[in-house]
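Undergrad: Have a look at this prediction, sequence included:
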Amino acid sequence: MMKIIRAKDYKDMSRKAANIISAQVIMKPDCVLGLATGSSPVGTYRQLIEWYEKGDLDFGDVTTVNLDEYRGLSAENEQSYAWFMHHNFFDYVNINPDRTYLPDGMNPDAKRECTRYEEVIREVGGVDLQLLGLGHNGHIGFNEPGEEFGTLTHCVDLQESTIEANKRFFDSADEVPRQAYTMGIQTIMMARKILLIVSGEGKADIVKRAFFGPVVPQVPASILQMHPDVTIVADEAALSKCDCQE
Ligand code: F6R
C-alpha cells in the first residue's frame, strides 16, 4: 500500500519524515534503519539531531545500512557517502559507529563487496524502515532506468544525467566517480517499510511518472507501487503535477 503525505515545503517534509523515523526508533529501539544521502534527507537528519539533543530520541541500539557508495572513494574522502553520513548525522547522535554500515567503496572486488553487503543486511535481520530519495530520472539508490527489477546489491555504471546531477558536490563533473555500489531493487523491496521523501518542482514530473504511471524498469521507483508498506512524504511543489488531493 502506498500512502502519500503532503507537506508544505522542504522543512515540513523533513519534520514529517523525521517524525516517522522517530516513531520507528521509539517503537523498536534496536531497529535497522536503511539510510540515504543527497539533498533530500539533510533536513530530516538535522531534525532528528535536534530531537536527540533535546533528549527525545535514543539511537543507542539502532543499526543503520546505507543504500549506496561511490566505487573508488574511501570513507575519508569528503565526497564519499560514508563521509556524508558522519558529517550530517552519525557524529551528532549516540549511534554506535560499529553498527553503521555502508558498501565499501574501496573494495576493488565488486562481486565480493556486493555479496558481503547483502550478507551484512541479512545478518542484522533485514531493514525495518528504509529511507529513500528520488532521482530526477526515477532512480532509487543508484538503480538507474532500464535495469531489471530483480537485482540485489551490485556495481552500477552511473548514467550521464546522474553524474550531471551529482557534480554539484564535486569540483567538476570529471571528478564524479563513474561507478557505485548500490542496494538493488530487490534489496530495497525487502525492507519491511519504506519512506520516500521528495521535494521541489524539479521532481514534479518524475513523481507523477513514478507513482501515478505504469510500473516499468524505465522508472525504477515505480516498483514501489508494488510494496506493501510505502509512505511518500512529498512537498506541494513535488506534487504539483499530480491530481492527488487528499
Ligand atoms: C542517495 C541515493 C540517491 C538519491 C537521489 C536523490 O543515497 O541513493 O538515489 O536519493 O539521487 O538525490 P537528492 O536528494 O540529492 O535529490
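TA: That came through fine. Numbering: from 1, shown residues only.
Undergrad: Can you name the residue of the protein nearest to the ligand?
TA: Closest approach between the chain and the ligand, counting by Cβ to the nearest ligand atom: residue 133, at 2.4 Å. Where C-beta positions appear, they are placed from N, C-alpha and C, glycine not excepted.
Undergrad: Near the ligand, which residues of the chain? Just list them.
TA: 36-40, 67-68, 133-135, 139-142 (Cβ under 6 Å from any ligand atom).
Undergrad: let's see it at 5 Å
TA: Residues of the chain lying near the ligand by Cβ under 5 Å from any ligand atom: 36-40, 67-68, 133, 135, 141.
Undergrad: export these to a markdown table and tack on distance to residue 243 and secondary structure?
TA: Formatted as a markdown table, these follow (distance: Cβ to Cβ, whole Å; DSSP: H, G, I helix; E, B strand; the rest coil):
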| residue | distance to residue 243 | secondary structure |
| --- | --- | --- |
| 36 | 28 | coil |
| 37 | 32 | coil |
| 38 | 27 | coil |
| 39 | 27 | coil |
| 40 | 23 | coil |
| 67 | 30 | coil |
| 68 | 33 | strand |
| 133 | 24 | coil |
| 135 | 23 | coil |
| 141 | 29 | coil |
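Undergrad: Emit the ChimeraX select command for whichever of these are buried.
TA: A single ChimeraX command selects the buried members of the residues of the chain next to the ligand (16 or more other Cβ atoms under 10 Å):
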select :36,37,38,40,67,68,133,135,141
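Undergrad: list the contacts for the residue lying closest to residue 49 once chain neighbours are set aside?
TA: Distances taken as Cβ to Cβ, 6 or more residues apart in numbering place residue 92 nearest to residue 49, at 4.5 Å, with adjacent residues excluded. Applying Cβ atoms under 8 Å, 6 or more residues apart in numbering, we find residue 92 in contact with 49, 52-53.
Undergrad: OK, contacts around the residue nearest to the residue of the chain closest to the ligand when sequence neighbours are not counted?
TA: Excluding its sequence neighbours, the residue lying closest to residue 133 (Cβ to Cβ, 6+ apart) is residue 40, at 3.8 Å. Residues near residue 40 by Cβ under 8 Å, 6+ apart: 133-134, 197-199.
Undergrad: mind redoing it with 10 Å?
TA: If a contact means Cβ atoms under 10 Å, 6 or more residues apart in numbering, then residue 40 has 10, 13-14, 17, 131-134, 196-200, 203, 233, 238 as its contacts.
Undergrad: likewise residue 181?
TA: Shown in contact with residue 181 (Cβ under 10 Å, 6+ apart): 67-71, 81, 102-105, 107, 110, 113-114, 116-117, 141-142, 153-156.
Undergrad: try it again with 6 Å
TA: By Cβ atoms under 6 Å, 6 or more residues apart in numbering, the contact set of residue 181 is 69, 71, 103, 113, 155.
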